[in-house]
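S.K.: below: sequence and its predicted model.
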Amino acid sequence: MKRTLLAFALILAFLIPAQAQEKEEKLKELEKLEQQTEKVTPPDTLIYEAEEEIAVTEPEEEIAAEEEWEEYAEEDTSRVKIGDIVTVEETEDETVIRIGKKAIRILTEDDDTEVLFEEDAETESPGRPGRYFEGHLGGIEFGYNTFSTDQWGRNDGTMEGYLDLNTAKSSNFNIIAPPVSLGFTRHFGIVTGLGISFNNYRFDGNNSLAVDDGGIVTPAYPAEGINYDKSKLATVYGILPVMLEVQIPVTCSSTINLGAGVIGAVKLGSHTKTVYHDDGKQKDKNRDDFNLNVLRYGVTARAGYEMIQVYGTCYLSPMFENNKGPELYPFEVGIALTIND
């Protein structure tokens, strides 16, 4: 019996420390788990706080965006701005939506609607409907030229016979560079451009022009027995027209154009040319200034539909220098094809 009790006591002595050690190990594991839990918990808290911050910030951004809406009224133009990127402008006959440097124009007239896309909206003046104005000037012009004894094409005086022209063969040809346009409104503005004007004055008589020893322009006749097949005075001038142009809309994309203004010119060259037969076909050229005015000025006008125009120019300064040639005033009429559309 004593042995049994002793064995039981020994067993208890081994079991109690083992269980205590086991409990201690379990407690350590629990402490480690708690520490790991504490390390993981803060990020969860931070995420939660960040979400709260986002939730609080979003309404403030919406309010700020709403405060950036601005509306303006300039004459007949209504303008709405959304931030610094999007702008909507509306007039009586068009709506313009700008997004950054690009723009969309919606033109309406009666039942006709047209949508245009613009790449360089940044060069335009915001809020000014005249930014779309494009004058009809640059291109080529060809027609007829002649001269009169008085201004505005009048012939109040008697013209010398050697100045008679073959009008049907007296031609004018102009080349004008793409113009510069300044619009006051969408359909009204100033247009100008540099160009070159070529004029051929074909004489109808058997004569040409020359300058005598006294420096005066006089007729030049061929030798006896020779008849000129062709005789002309040719001039080349650099020109600068400046016009006011008004455009009358026909459709959303086409207009009738009316323009009038002034023109200045500077002489670049001149010569006479004669063609005749004397032991074969002969051509003579005489390059001289023939007392032509270096500078001249006048008025010009044109009217037409889109790229096709009818033009007329009347110079108010004399063709020749004072007291060094006949008092004549050149003018020209013709058709122009503009290439700036």
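M.R.: Nice, I can see it.
S.K.: any stretches of this structure with poor pLDDT?
M.R.: For the chain, the stretches flagged by pLDDT under 70 are 1-27, 29-31, 33-77, 82-85, 100-102, 110-111, 117-131, 340-341.
S.K.: per-domain residue ranges of it.
M.R.: 70-127, 133-338 (automatic domain parsing).
S.K.: with distance to Lys32 and mean neighbour count added, can I get those in a markdown table?
M.R.: (Each C-beta comes from the backbone N, C-alpha and C, glycine too.) Output for the domains of the chain, formatted as a markdown table (distance: least, Cβ to Cβ, whole Å; neighbours: other Cβ atoms under 10 Å):
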| stretch | distance to Lys32 | mean neighbour count |
| --- | --- | --- |
| domain 70-127 | 54 | 14 |
| domain 133-338 | 80 | 17 |
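S.K.: and the strand or helix carrying Gly304, what does it pack against?
M.R.: Under the criterion of DSSP states H and E, Gly304 resides in strand 295-305. The elements that strand 295-305 packs onto, with contact taken as 3 or more Cβ pairs under 8 Å, 6 or more residues apart in numbering; DSSP states H and E, are strand 228-249, strand 255-277, strand 308-315, strand 329-338.
S.K.: ok, the residue lying closest to His187 once chain neighbours are set aside - contacts?
M.R.: Excluding the flanking residues, the one nearest His187 by Cβ to Cβ, 6 or more residues apart in numbering is Gln247, at 4.0 Å. With contact taken as Cβ atoms under 8 Å, 6 or more residues apart in numbering, Gln247 is in contact with Phe133, His187, Phe188, Thr255, Ile256, Asn257, Leu258.
S.K.: how near is Gln247 to Glu90?
M.R.: 21 Å (Cβ to Cβ, to the nearest Å).
S.K.: Gln151 too?
M.R.: Computed as Cβ to Cβ, the Gln151 to Glu90 distance reads 49 Å.
S.K.: and what of Val310?
M.R.: 36 Å.
S.K.: also Leu240?
M.R.: Taking Cβ to Cβ, one finds Leu240 at 38 Å from Glu90.
S.K.: if we can go back for a sec, strands paired with the strand holding Gly304, and their directions?
M.R.: Partners of strand 295-305 in the sheet, by DSSP bridges, are strand 255-277 (antiparallel), strand 308-315 (antiparallel).
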